[in-house]
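Q: Here you go, sequence then predicted model.
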Amino acid sequence: MRVLLRLSFSGAVILAGVLFLLPGNNITRLEEVLQNNRLVVISRSAANTYYEDGEGSAGLEYDLVNMFAERLGVEVKFIIADDLEEIFTALTEGKAHFAAAGLTQTRNRYKKLRFTPPYQYITQQLVYRQGTRRPRNIKELRDGKLVVVADSSHVERLRELRTQHPELTWEESSQFSSDELLKKVETRQIEFTVADSNELALSRHFYPHLRVAFDISEKQPVSWAFPIDEDDSLYREAVNFFVEIHNSGILEQILERYYGHIQEFDYVATTTFMQHIRERLPKYQKLFQEAAKKYRLDWRLLAAMAYQESHWNPRAISPTGVRGIMMLTQITAKQMGVKKRTDPVQSIEGGARYIRMLKDRLPKEITEPDRNWLALAAYNIGYGHLMDGREITHQTGGNPNLWMDVKKKLPLLRDKAWYRKTRFGFARGDEAVQYVENIRNYYRFLLREMPPAVEIAKEEG
């Protein structure tokens, strides 16, 4: 059984130093990892790498590292560094086997590190706040305060740009992370920063006033980083791992899990959602929690569903006659024992019971998180239509158990050439896809804003 232990950087240094003492000169780094049953990986806390949410540890790098460790059959020990300098120091001093920290491949880093094949590509972007001055090019930056993370690829890129623009200046911060600098731009504490496009895409839903002024780089590869030494046995194993998950489509599935639901940013929708979290959610949070506990759901997912349905308005009604905070049809309400759909207690209870029923009804081979997303689609367009969409997915060579494949084919339920061949006929599959993706966005926001510690504090207070 594999156990995850998260360590502070200072606490892990001694441990890692002991772990890396090799029993003999003939053993390779890979053999050492296998014999000790321990892979030590250094990362950093960020939306695009590793973080804690209401469900525990998560993040793209977290998932990739655990997949690699499972492939090797060993346990993972994560070191979460405070800044990039600690990451590079840990690698050069042999205190971690490699870094999985969203590191961009750059010219200077090639001198000290070897990189695996990339799993993602990013663009460095200059970020400013809506309502303030937007610079159109590097020359217009000279009068503004630009702050970037010390030792980052952003510093390296700015130094390259300064060869052409000697007037370019900036401050380098070891105290604040990239996410913290984005927040400072949002709150007007600084004027500009530089962020990677993937991190900014994840962060704009939390900082709705952020805007991209312009790109300062071309696309750059993001990879795991290993120290350069004579023993490349573990590195070669990691290279093989990335080749395999790329060719098998698993890498695409993982990227879809974290980025597939991020759509074109909607400022009005995001700011309205944040306002409703403050003003409306507290009235119904306990009801969501009680119903979710009863039906083995995450209350944040249930709340995200309700927001997509009604914006947490118990008297909401649609042109088609569905109503209430969970927008139940008359038929569904009757099946779930709901007598008054505008009663938030009954509506939330009925909605929770219904989504639980749909999840349980799905084929057993569908795993999480796809089980959640497919059940949500069924909640929107009906179980039968979802099964039709899964069948079309299968017929066209996709995997009917993966949301990333099914969501591409659900819109075909509007196409007569396809829906005439299905059992349940026409359906607005494109609307179901949008429905699920919206909920995924709301859910991710609530996971970040409502961790377990916040719940306990509210209940005890």
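A: Structure received.

Q: rest of the way, CA atoms for contacts and neighbours
A: Fine.

Q: Provide the secondary structure category for Asp179.
A: Secondary structure, DSSP: H, G, I helix; E, B strand; the rest coil: Asp179 is helix.

Q: cool, and Tyr442?
A: helix.

Q: Any idea how many residues pack against it?
A: Using other C-alpha atoms under 10 Å, Tyr442 has 22 neighbouring residues.

Q: so it makes contact with Ala306?
A: No: checked against C-alpha atoms under 8 Å, the pair Tyr442 and Ala306 is beyond contact range at 10.1 Å.

Q: got any residues that touch both of the two?
A: Common neighbours of Tyr442 and Ala306, using C-alpha atoms under 8 Å, 6 or more residues apart in numbering, do not exist here.

Q: Pro400 is in contact with Thr393, isn't it?
A: Yes: counting by C-alpha under 8 Å, Pro400 touches Thr393, with 5.5 Å between them.

Q: Show me the common contact partners of the two, please.
A: By the contact definition C-alpha under 8 Å, 6+ apart, Pro400 and Thr393 are jointly contacted by Val406.

Q: and Gln434, what helix or strand is that in?
A: Take DSSP states H and E as the rule and Gln434 turns out to sit in helix 429-449.

Q: whoops, I mixed them up, Thr422
A: Take DSSP H and E as the rule and Thr422 turns out to sit in neither a helix nor a strand.

Q: Same question for Ile42.
A: With elements taken from DSSP H and E, the one containing Ile42 is strand 38-44.

Q: residue ranges of the strands in the protein, please?
A: Counting by DSSP state E, the chain has strands at residues 4-8, 38-44, 51-53, 56-58, 75-81, 98-104, 113-115, 120-122, 124-129, 147-149, 171-173, 193-196, 210-215, 220-227.

Q: Nearest to Asp360, out of those strands?
A: For Asp360, the closest of these is strand 56-58, at 23.4 Å, according to C-alpha to C-alpha.

Q: Give me the pLDDT value at the closest residue to Trp403 other than its chain neighbours.
A: The shortest distance from Trp403 to any residue other than its chain neighbours is 5.4 Å, reached at Asp370 (C-alpha to C-alpha, 6 or more residues apart in numbering). Looking at Asp370, its pLDDT reads 95.

Q: can I see the domain layout of this structure?
A: For the chain, automatic domain parsing gives the domain ranges 4-116+226-259, 124-217, 267-460.

Q: Could you tell me how many residues sit around Lys364?
A: 10.

Q: show me what contacts it?
A: No residues are in contact with Lys364 under the rule C-alpha under 8 Å, 6+ apart.

Q: go on, Leu328?
A: 322, 341, 347, 351.

Q: how about a cut-off of 6 Å?
A: Residues near Leu328 by C-alpha atoms under 6 Å, 6 or more residues apart in numbering: Val322.

Q: swap in Gln220?
A: When the contact criterion is C-alpha under 6 Å, 6+ apart, the partners of Gln220 are 121-122.

Q: Pull up the per-residue confidence for it.
A: For Gln220, the predicted pLDDT is 96.
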